[in-house]
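> Please find the sequence and the predicted model below.
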Amino acid sequence: MLPRNALRSLRALRPFHATSIPLATRPHSTIPKGPTAPNVLSHTTTKTPDAKRDISDPAMADYLCQSHERIFAANEKWAKEQIERDPDFFHKLSLGQTPEYLWVGCSDSRMPAETITGLKPGEAFIHRNIANLVNNIDLNVMSVINYAVRHLKVKHIVVCGHYGCGGVRAAMTPKDLGILNPWLRNIRDVYRLHEAELDAIKDDGTRYDRLVELNVVEQCRNVIKTAAVQQTYAEHGYPIVHGWVFDFRTGRLKDLKIDFAVILADIQKIYNIIK
Ligand SMILES: [Zn+2]
């Protein structure tokens with residue numbers, strides 16, 4: 001007989017690998033599909049027919065060549081359009097950057113920050129990783145935050161997750177995911193912190209959506225715990241931290257409206273590193 005706590009945890013985990021969870025609708029794309037590697041973060045285990053192609057397959061060789069040509073052609077077209085709109089566009093870019101935003105988003109290919117926000121080159125400093133995590137021993141994200149806040153002096157930091165996040169789903173799957181275990185453990189910790197609220201949600205999809213939101217809120221807390229944010233805010237009154245979630249189903253961003261000042265005050269009871 002398992003202890004009561006263990007049974008409760010198993011009940012909480014079970015729905016996350018149930019097939020009843022509605023999958024995010026993949027956007028229609030005319031881009032030819034390349035080979036699909038096995039991916040634990042993918043929303044589907046169905047491989048495309050191309051996945052069966054051998055590297056020596058002439059069709060695959062053509063596809064690979066066309067893909068690169070398509071990108072360079074698009075780049076050429078984009079560069080020309082920018083110059084037509086503003087002859088000094090690239091000269092101004094070359095002078096330096098003063099972005100107002102730091103964006104911490106998921107690496108998911110379906111949520112390119114600039115595309116869904118309309119932010120232009122030079123307007124956002126971007127960091128992306130699996131499930132938009134802000135881990136205090138991740139030198140990468142900590143360096144990005146420090147540089148963006150102390151040197152670029154961004155005014156807003158956005159942590160943006162997305163419903164249907166494969167990283168969040170994988171974290172809640174009771175399975176050994178190898179090298180991903182320590183990374184995704186951060187999300188399991190979010191579940192543990194909000195276990196009562198999440199367990200009370202009966203609908204699997206709703207609970208999954210809520211975990212995505214709570215993960216964003218917790219990563220916002222992690223941003224606020226940094227010395228760079230606390231010290232710069234004390235001195236200048238910025239940056240402000242925001243938690244947003246992108247919804248593939250509607251294409252819309254949702255502002256979770258976290259109360260930055262309240263969270264900061266709460267955090268500084270324990271994590272105060274202003275001095
Ligand atoms: Zn994701």
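Cool, got the structure.

> Spit out the contact partners of the residue nearest the centre of the chain.
The residue lying closest to the centre of the chain (Cα atoms, centre = their mean) is C106, at 1.6 Å. C106 makes contact with R128, N129, I130, A131, N132, C160, G161, H162, C165, G167, according to Cβ atoms under 8 Å, 6 or more residues apart in numbering. All C-beta spots, glycine's among them, are computed from the backbone N, C-alpha and C.

> moving C-terminal of the helix ranked longest in the chain, what's the next helix or strand?
Taking DSSP state H as the criterion, the chain has its longest helix at helix 58-85. For helix 58-85, the following helix or strand on the C-terminal side (DSSP states H and E) is helix 89-94.

> List the buried residues in that following helix.
By neighbour count on 16 or more other Cβ atoms under 10 Å, the buried set for helix 89-94 is F89.

> immediately after it, which helix or strand?
strand 101-106.

> For the helix or strand just after that next one, give the mean pLDDT please.
Downstream of strand 101-106, the first helix or strand assigned by DSSP H and E is helix 113-117. Average pLDDT, helix 113-117: 96.

> outside of helix 113-117, which residues touch it?
Counting by Cβ under 8 Å, 6+ apart, W103, G105, L119, K120, P121, A124, I126, R128, C160, F246, G251, L253 sit against helix 113-117.

> Poorly predicted segments of the stretch 51-200 of the chain, please.
Where the stretch 51-200 of the chain drops to pLDDT under 70, the residues are 51-53.

> which parts of it sit against the ion?
C106, D108, C165, G167 (Cβ under 5 Å from the ion).

> Next up, phi/psi of I145, please.
phi -60, psi -50 (degrees, to the nearest 10).

> so what's it up against?
Counting by Cβ under 8 Å, 6+ apart, I145 has contacts L102, V104, H127, V134, I157, V223, T226, A228, V229.
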